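A.B. asks: Sequence below, structure please.
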Amino acid sequence: MPLAEAADGTALHYEVHGSGRPLVLLSGQSNSRRWWDPVRDDFAAAYRTLVVDWRGTGESGHPETDSYSTPGFARDVVAVLDHAGIDRAHVYGTSMGGRVAQWIAADHPERVDRLVLGCTSPGAPHGIERGPEVRAALSQPDAAAAHRALKELMYTPGWIARQGAHPVFHTLGDPDMPAHARRRHLRASARHDAWDALTRITAPTLVVHGTDDVFNPTANAPLLAERIPGARMQLVSGARHAYFEEFAEVATPLVLEFLAGQAGQAGAAEEGA
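C.D. replies: This next block holds a predicted model:
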């Protein structure tokens, strides 16, 4: 079980699958490496993929300190790369993982080949925040109703219905995550602001977002694409926040084509910027 060590001594668990050029896959807030389970093998067929348990999740350490921030998570990822002996990699981050990926590309440009930012945001104050109705649905006292609301923000109702009686969803939070770490993840993501750093990104960048994402509003995609020099944007029609899973038949090929230097050939998506 590979364990890197962060600068503050926190253990950082990661896994490597496949072979070839390295590709780092970064998951969303309060989620472990399992976020990528449904599609990881599709990437591992072409790349040496590295998935990470954020501090506070999975088999990484769960420090009760103020060490949780998106720039700090970026430093954790660099520590993992160092431990794995990877000098440079493609980086694909989704949701909070996309926020962290922004810092990796801006602060550690020598470590990033190509960058993919999925369903993410530049952060406050320049990003577009989710609406009050979304916040209310997620914070309602009925835990089952809040869980159902989160699921419907991630996936379309039709896709949820097709998953059967006892579906397994890997994007709804690490069930074993302690409460103190969950609070710190929420605060770290909410405090993210990479607006000034985005102009420093030099890696070829693809911004991907679902057209029907209200959890992290789609309007954030053009903000990122216009702010990052030379970035491209692809919108996945009809997709909500977990576009990379439900719409994998569209999203995975367009990301793979971009990583291979063939961006723009995936005609199943809507393109802009």
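A.B. asks: Any idea what the residue nearest to A124 when sequence neighbours are not counted is bridged to?
C.D. replies: Excluding the flanking residues, the one nearest A124 by Cβ to Cβ, 6 or more residues apart in numbering is D193, at 5.8 Å. Just so you know, the C-beta spots here come from the backbone N, C-alpha and C atoms, and that holds for glycine as well. The partner list for D193 in beta bridges (DSSP bridges) reads G123.
A.B. asks: Neighbours of D193, how many?
C.D. replies: 16 (other Cβ atoms under 10 Å).
A.B. asks: From W103, how far off is it?
C.D. replies: D193 sits at a distance of 11 Å from W103 (criterion: Cβ to Cβ, to the nearest Å).
A.B. asks: Can you show me the helices along the stretch 101-250 of the chain?
C.D. replies: For the stretch 101-250 of the chain, the helices defined by DSSP state H, counting those that start in this stretch occupy 132-139, 143-154, 157-161, 179-190, 195-198, 220-227, 243-246, 248-259.
A.B. asks: Now the residue nearest the centre of the chain: phi and psi?
C.D. replies: Geometric centre of the chain, nearest residue: T94, 1.9 Å, by Cα atoms, centre = their mean. Here is the backbone geometry of T94 (degrees, to the nearest 10): phi -120, psi 140.
A.B. asks: Nearest spatial neighbour of it, chain-adjacent residues omitted?
C.D. replies: Excluding the flanking residues, the one nearest T94 by Cβ to Cβ, 6+ apart is G118, at 3.8 Å.
A.B. asks: so who does the one you found touch?
C.D. replies: The contact partners of G118, taken as Cβ atoms under 8 Å, 6 or more residues apart in numbering, are Y92, G93, T94, S95, G97, G98, V207, V208, H209, Y243, F244, A251.
A.B. asks: Okay then, goodbye and thanks.
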